[in-house]
Each structure stands twice: as structure tokens, then as C-alpha cells.
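Engineer: structure, please.
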Amino acid sequence: MHPLLQALLSAWDWRLDVSLVLLTFATLYTTGWWRLRRRSRNPKLANRKRLAAYWGGLATLAVSLMSPIDALGGQLFFMHMLQHLITIMISAPLLWLAAPFPFLLWGLPSPVRRFVARQFARAATTRNLLRSVTQPSLVWMIFVIVYAGWHDPNLYSLALRRDWIHDIQHITFFGAAMLYWWHIIGAGPRLHRVAIWARIAMLVTLVPVNMAIGIVIANGAEVLYPYYNSVPRIWGFSALEDQMLAGVIMWIPGSMMLLLGVIVLLAYEL
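Structural biologist: Presented below is the predicted three-dimensional model:
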């Protein structure tokens, strides 16, 4: 094996818990996609683009959580920021673009599938409860609280020092992002009728929040996250230069991805 390839593969942390979750969802989706492709007379339902989008979402999530990016995130703040950007701005929307609900449903065994389907019937208690706690305004607020809250220096440093808190950080980032992009993309289960202007508003109003956090981090006169002063510096970056680059990544590419979402929505509607 080529030394460079061997070094890259050895730097991956093939976590059993993460791998099992990703493989389970990949298996369920692919099984359901194949079943619906064989049964449906509508070729647009189970098309290859949706399968590619779902596998792309899972692949980028695996890269975010288990690749050298995760290991380097403990040494470089900008790599940790890049990790979060991949999870929130790439993996989550890709998974929803795959319209996962019907395919995951059809990937389940028949008795389980029928049970889950009953929970989403129009008069089902589960559906009504889920609908009440996932109102678009509430989801937007939850996402902002999670997104901004974890950038508090104390919480952020604690997550870097405790693996289990770091896992909670990733789970809450991903969970909040999935709720947020669910409304933006409008994938099933469609519990809410979110107008196009409301979806655009959810994207546009997040831009100043994202920019404000990124600008504060990028222009900090001192290191805001002392943890990065306590680890060996690599690649010639000082802790302050590393912090500035992390802030710029959040500020510019992060905001651009939100605005790209607005452009895509407008193009789709027009």
C-alpha cells in the first residue's frame, strides 16, 4: 500500500458506534429505495440522484466524525470549525434532499413499517405531538440556541476536554441541523405547510447570527478558547492565527452556504 494512503487510513478513527449507526441507516435506505424502485411506476420516486444524495450525506458525515478532520480538530480550531460546517451545512441538507422518510420506512420489516406508518396517520397522537413541537419558529430558535450556545468558550473547551461531552455536542449539532433543514427543504413527513417565503426567511435570518459569531471569533484580540493554548501547535499556526481562520470559515463559507440555499429555493420556485 502507498505510504500516503496508509497514513491517511491509519488516521481514521473507525468508531464502532458511529459506523453501526451509519451502516444501519445506509442499509435501511438502500433496501427501501430498491423495494420502491421495483414497485413504483413513477421513475422519479426512487431515482439514482436521491440514492446518491443519501449516500453522500452519510459519507460526508463519516468524514466529519471519523476522518483525520476529527483528530486534527483537537489540535486546530479551524479544523474543528470545518468539521461542524460539514455536518451542519452539507451532511444534513444532503440527507433531506434524498427524501429519506418513505425509503427508510420501506426498508423496515413489514410489521415495524405498519406500526411506524400508523404513528403518522392524520389523527395519530404521535403525529400531532410531533407537529406541535416542531413548529418552524421553534425549530429556528432551537437551532440558533444550539449553534450559538456551543460556541461559548467554556462549553466549547469542555467539549474538547471530555469525549462524552464532545459526542453530545456533535449529536445536538446534527439533530438541530436535521430539524432546521427538514423545514427548509420540505421533505416528508410533511407535518407543516411552510411557505417558500417562510423557508427563505429561516435561511436569511440565520445569516446575521452566523456572521456575528464568525466575526467575533475572527477578530478576537486574544485567544477565546484557552484549550488551544494548551495543545502542541502544528503546521506553524499560532493559536490566535488558528482562531482567526476558524472565524473566517464560519463567517464567509458558512454564510455563503445559507445564501446558496436561498438561491436554490428561488430557482426551484421560479
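
Engineer: which residue is the nearest non-sequential neighbour of H80?
Structural biologist: G73 (3.6 Å; C-beta to C-beta, 6 or more residues apart in numbering). No exception for glycine: its C-beta is placed from N, CA and C like everyone else's.

Engineer: can you check R113 too?
Structural biologist: Leaving aside its sequence neighbours, R113 sits nearest to L105 (C-beta to C-beta, 6+ apart; 5.6 Å).

Engineer: list the buried residues for the helix or strand hosting D17?
Structural biologist: If you go by DSSP states H and E, D17 is part of helix 16-39. Residues of helix 16-39 classed as buried by neighbour count (16 or more other C-beta atoms under 10 Å): V18, L22, F25, A26, L28, Y29, G32, W33, L36, R37.

Engineer: what does that helix contact?
Structural biologist: With contact meaning C-beta atoms under 8 Å, 6 or more residues apart in numbering, helix 16-39 is reached by 45-46, 50-51, 54-55, 58, 61-62, 65-66, 98, 100, 102-108.

Engineer: gap between the residue nearest to R113 and A159?
Structural biologist: Distance from L105 to A159, counting by C-beta to C-beta, to the nearest Å: 34 Å.

Engineer: in the stretch 1-150 of the chain, where is pLDDT below threshold?
Structural biologist: For the stretch 1-150 of the chain, the stretches with pLDDT under 70 are 1-10.

Engineer: list the contacts for L95?
Structural biologist: L95 sits next to A53, Y54, G57, L58, M178 when contact means C-beta under 8 Å, 6+ apart.

Engineer: does it sit in a helix, a strand or a coil?
Structural biologist: Secondary structure, DSSP: H, G, I helix; E, B strand; the rest coil: L95 is helix.

Engineer: also R50?
Structural biologist: Going by three-state DSSP: R50 is helix.

Engineer: need the contact list for it.
Structural biologist: Contacts for R50 were tallied using C-beta under 8 Å, 6+ apart; they are W33, L97, A98, A99, F103.
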